[in-house]
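Engineer: no sequence on this one, just coordinates:
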């Protein structure tokens, strides 16, 4: 479209005024074509801007419609436009939420680590500067009066003589490293060659270090030392101001982390509406249905995806995911997501969730081991947390039981050697060592039928160590006897 309009301003056009007409037929595929052009324009404009979070764009090739959406568009269904608008709005709101959470995490990190350590550091420096102020000898006032300066172990009471001696010492300073010169007004003085400035610098050492630059004037160098020492009070003032600033930032950060995401309600509203619109379009309905929790449909889709991923159910089915859910589960709101049997005793291990309140439980031999409920102040938030949990979990994660719990359920004694970390006897120390469903740990450690305890790993290690020590001792004695026979 821009290329066509650009032809108007090309050289050779003699018309001063040009009218541009755009023709669109209502309730046709023109709506989607214009939407595609709009997406392309946004794609370019968003990359060219410096604003955040606008400067993020999806590849325009991914902006496609499915068959249900094309059918709805052809029939003039206004839900298509609403869906496209909601997609953009939800995407922007989630980007804002992501930025909010990122800033929140940074503030929490600063509150917990950065600001406290910075406050401690500044307080320590302030204390040291105060001690240096006490250490600093007052400058003697009056013409011809001088505090005196120690240079290479010799004290000079005359300012001119000290300045000339200092100038003789400076050429001896090495190109790399520093050279101690002496003491002035209670501070150790050293010099070094500044490679960057290509000049000779000095350091006055007290509790802290104070730097300055030597010049070409002998007596001017003494004055430079005095100037740096007299500015210690200014350094104290700077540190105190920085301390107040950091303390203020800490207080502001503590207030900011308590503030919620200001557009959380809008994001929730748009997300729920988008889920409802997607559900209507997926099911081919033209009338909106009342659903107290539209995200529940997304939860059912996530459950079916989980079952397909873990168990391979209905992978070839042409039904929608919601229909697959109804085909797989016939227990109402109670859904069994994972099931297995223990190697010891063949007891059932099951994980189930109640979609009416998003509570869950893990059972072993028909007894509840762990129970809980997904977080959320509303059913929508609980649905979101459960859906996210399911997308990042496997059936093994859901059925995970630690050895101690299993021993308690079976009435077996629980013992564990401090060095026996490979609890599932697979030869690898890893995060699955607490999961004994597929383990032979009991068979290798216990005689389950006779309950006869076998040697522990620690006992075996100690026995092996004793055997090695005895073998080394016998070998050493044998060598000593052979040496005595040779002599």
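Structural biologist: Nice, thanks for sending it over. Not measured: the values here are computed from a predicted model.

Engineer: quick check on residue 356: phi, psi?
Structural biologist: When read as degrees, to the nearest 10, the backbone of residue 356 gives phi -70, psi -30.

Engineer: skipping adjacent residues, who's closest to it in space?
Structural biologist: Leaving aside its chain neighbours, residue 356 sits nearest to residue 333 (4.2 Å; criterion: Cβ to Cβ, 6 or more residues apart in numbering). Yep, even glycine has a C-beta here, placed from its N, CA and C like the rest.

Engineer: for that neighbour, give me its contacts.
Structural biologist: 354, 355, 356 (Cβ atoms under 8 Å, 6 or more residues apart in numbering).

Engineer: of these, which is the nearest to residue 19?
Structural biologist: Comparing the contacts of residue 333 against residue 19 with Cβ to Cβ picks out residue 355 as the nearest, at 59.2 Å.

Engineer: wait, the closest one touches residue 336, no?
Structural biologist: No - Residue 355 lies out of contact with residue 336 (Cβ atoms under 8 Å); the separation is 11.8 Å.

Engineer: show me where the stretch 51-200 of the chain has its helices.
Structural biologist: If DSSP state H, counting those that start in this stretch is used as the criterion, the helices of the stretch 51-200 of the chain fall at 67-74, 79-109, 115-135, 159-169.

Engineer: a markdown table please, covering those helices and showing mean neighbour count, distance to residue 233 and mean pLDDT.
Structural biologist: Shown next, in a markdown table, are the helices of the stretch 51-200 of the chain (neighbours: other Cβ atoms under 10 Å; distance: least, Cβ to Cβ, whole Å; pLDDT from 0 to 100):
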| stretch | mean neighbour count | distance to residue 233 | mean pLDDT |
| --- | --- | --- | --- |
| helix 67-74 | 16 | 73 | 54 |
| helix 79-109 | 15 | 34 | 86 |
| helix 115-135 | 15 | 7 | 93 |
| helix 159-169 | 17 | 23 | 91 |
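
Engineer: between the ones you listed, which one is nearest to residue 370?
Structural biologist: By Cβ to Cβ (comparing all of those), the closest turns out to be helix 79-109, at 28.7 Å.

Engineer: dump the helices of the stretch 51-200 of the chain into a markdown table; add distance to residue 177 as well.
Structural biologist: Formatted as a markdown table, the helices of the stretch 51-200 of the chain follow (distance: least, Cβ to Cβ, whole Å):
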| stretch | distance to residue 177 |
| --- | --- |
| helix 67-74 | 74 |
| helix 79-109 | 38 |
| helix 115-135 | 24 |
| helix 159-169 | 15 |
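
Engineer: nearest to residue 8, out of those?
Structural biologist: Nearest to residue 8, of all the helices of the stretch 51-200 of the chain, is helix 79-109, at 30.1 Å by Cβ to Cβ.

Engineer: can you state the direction angle for that closest one and helix 115-135?
Structural biologist: Angle between the axes of helix 79-109 and helix 115-135 is 30 degrees (criterion: axes from the mean of the first three to the mean of the last three Cα atoms, to 10 degrees).

Engineer: now for helix 79-109, which elements pack on it?
Structural biologist: Counting contacts by 3 or more Cβ pairs under 8 Å, 6 or more residues apart in numbering; DSSP states H and E, helix 79-109 packs against helix 30-48, helix 67-74, helix 232-256, helix 264-282.

Engineer: neighbour-wise, which of residue 355 and residue 336 wins?
Structural biologist: Set residue 355 next to residue 336 and count neighbours by other Cβ atoms under 10 Å: residue 355 wins out with 20 against 12.

Engineer: so for residue 367, which of the helices of the stretch 51-200 of the chain sits nearest?
Structural biologist: helix 79-109 (39.3 Å).

Engineer: and the angle for that closest one with helix 232-256?
Structural biologist: Between the axes of helix 79-109 and helix 232-256, defined by the same axes, to 10 degrees, the angle is 140 degrees.

Engineer: let's have the chain start at 50 instead
Structural biologist: OK, 50 is where the count begins now, so the last one is helix 128-158.

Engineer: need the contact list for residue 410.
Structural biologist: So residue 410 contacts 400, 401, 417, 419, 420, 421 (Cβ under 8 Å, 6+ apart).

Engineer: following the chain past the helix or strand hosting it, name the next helix or strand.
Structural biologist: Following DSSP states H and E, one finds residue 410 within strand 408-413. Downstream of strand 408-413, the next assigned helix or strand under DSSP H and E is strand 416-422.

Engineer: helix or strand right after that next one?
Structural biologist: Beyond strand 416-422 toward the C-terminal end (DSSP H and E), the next one is helix 428-440.

Engineer: that older thread, out of the contacts of residue 382, which one sits closest to residue 356?
Structural biologist: For the contacts of residue 382, the nearest to residue 356 is residue 404 (14.4 Å; Cβ to Cβ).

Engineer: just give the closest residue to that closest one, not the sequence neighbours.
Structural biologist: Residue 404 sits nearest to residue 382 (Cβ to Cβ, 6+ apart), 4.4 Å away.

Engineer: and what of residue 270?
Structural biologist: That would be residue 263: by Cβ to Cβ, 6+ apart, it lies 5.2 Å from residue 270.

Engineer: do residue 273 as well
Structural biologist: residue 261 is the one closest to residue 273 (Cβ to Cβ, 6+ apart), at 5.3 Å.

Engineer: quick one: contacts for the one you found?
Structural biologist: 250, 251, 253, 273, 274, 276, 277 are the contacts of residue 261 under Cβ under 8 Å, 6+ apart.

Engineer: any of these buried? List them.
Structural biologist: 250, 251, 253, 273, 274, 277 (16 or more other Cβ atoms under 10 Å).

Engineer: which two among those residues are spaced furthest apart?
Structural biologist: 250 and 274 (11.9 Å).

Engineer: ok, residue 286 to residue 169 distance?
Structural biologist: Noted for residue 286: a distance of 20 Å to residue 169, by Cβ to Cβ, to the nearest Å.

Engineer: who's in contact with residue 254?
Structural biologist: Taking Cβ under 8 Å, 6+ apart as the test, what residue 254 contacts is 236, 237, 238, 239.

Engineer: residues in contact with the third one?
Structural biologist: Applying Cβ under 8 Å, 6+ apart, one finds that residue 238 lies in contact with 198, 229, 230, 231, 232, 251, 252, 253, 254, 274.

Engineer: let's see 10 Å
Structural biologist: Taking Cβ atoms under 10 Å, 6 or more residues apart in numbering, we find residue 238 in contact with 198-200, 215, 229-232, 251-254, 274.

Engineer: repeat that for the last one.
Structural biologist: With contacts taken as Cβ under 10 Å, 6+ apart, residue 239 has the following neighbours: 222, 226-231, 250-254, 258.

Engineer: also the second one?
Structural biologist: For residue 237, the contacting residues are 199, 229, 230, 231, 252, 253, 254, 255, 258, by Cβ under 10 Å, 6+ apart.

Engineer: let's see it at 8 Å
Structural biologist: So, once contact is read as Cβ under 8 Å, 6+ apart, residue 237 ends up touching 229, 231, 253, 254, 255.

Engineer: of those residues, which belong to strands?
Structural biologist: 229, 231, 253, 254 (DSSP state E).

Engineer: for the residue nearest to residue 326 when sequence neighbours are not counted, give its distance to residue 207.
Structural biologist: Leaving aside its chain neighbours, residue 326 sits nearest to residue 132 (4.9 Å; criterion: Cβ to Cβ, 6+ apart). To residue 207, residue 132 is 91 Å away according to Cβ to Cβ.

Engineer: in the stretch 250-399 of the chain, what spans have low per-residue confidence?
Structural biologist: Residue ranges of the stretch 250-399 of the chain with pLDDT under 70: 331-344, 362-381, 392-394.

Engineer: sounds good, over and out.
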